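Asks: Below are the sequence and a predicted model; questions follow.
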Amino acid sequence: MKASAEKLVVADFYATWCGPCRVVAPKIEELSAHETEVLFVKVDVDQLGSVAQENGITAMPTFIAFRDGNSVGSVRGANVRAVEELVSEHKFVAAKAPEPIDGKTATGGQLLAVLKQAGVDTRGYLEKHELLELASQHGLLL
């Protein structure tokens, strides 16, 4: 589950003999084609019984979403709408890059807000000149 550190992973636990699994499969494939920032994987419970057992699978299909190697939610049964909601709730969303700020007119609070929005660690930077330097280093000034 290393991939779940970078994107949401949705595991589809299915069986080849499972009627509802076969019915829902094309819809899940379509969802996978649209949700390119999510990794969908199929787990055949008959071939990977130990993986199914580790994840507590007792019915097919069951969909489990993983982030950072941990289960964050699941859907039991052929409920495509519930899988869509699960994906929507847990997928990684790229943060919007902050707009560059004018260092000549920006207040310390504005600089701090832009730096935090950019994900810059501002601990230990208290003075406006320090924040300006930090913003400059990260290309956040006009």
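Replies: Everything's here; your move.
Asks: And the strands in this structure, which stretches?
Replies: Assignment of strands within the chain using DSSP state E yields the ranges 8-14, 38-44, 62-67, 70-76.
Asks: For stretch 86-106, measure first residue to last.
Replies: 41 Å (CA to CA, to the nearest Å).
Asks: contacts for it?
Replies: For stretch 86-106, the external contacting residues (CB atoms under 8 Å, 6 or more residues apart in numbering) are 6-8, 10, 31, 35, 37-38, 63, 65, 67, 72-75, 110-111, 114, 117-119, 132, 135-136, 139-142. All C-beta spots, glycine's among them, are computed from the backbone N, C-alpha and C.
Asks: And those, which of them are buried?
Replies: 7-8, 10, 31, 35, 38, 63, 65, 67, 73-75, 110-111, 114, 118, 132, 135, 140-141 (16 or more other CB atoms under 10 Å).
Asks: one step back: include distance to residue 100 and mean pLDDT when you put the strands of the chain into CSV, please.
Replies: Below are the strands of the chain laid out as CSV (distance: least, CB to CB, whole Å; pLDDT from 0 to 100):
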stretch, distance to residue 100, mean pLDDT
strand 8-14, 31, 96
strand 38-44, 31, 97
strand 62-67, 31, 95
strand 70-76, 35, 95
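Asks: What is the distance between stretch 62-81 and the centre of its chain?
Replies: 13 Å (CA atoms, centre = their mean, to the nearest Å).
Asks: Endpoints of it, how far apart?
Replies: Stretch 62-81 end-to-end distance (CA to CA) = 13 Å.
Asks: Same check on stretch 90-108?
Replies: 34 Å.
Asks: longest helix of this protein?
Replies: helix 19-34 (DSSP state H).
Asks: so what secondary structure elements neighbour that one?
Replies: strand 8-14, strand 38-44, helix 80-90 (3 or more CB pairs under 8 Å, 6 or more residues apart in numbering; DSSP states H and E).
Asks: again, only this time at 6 Å
Replies: Helices and strands touching helix 19-34, as assessed by 3 or more CB pairs under 6 Å, 6 or more residues apart in numbering; DSSP states H and E, are absent.
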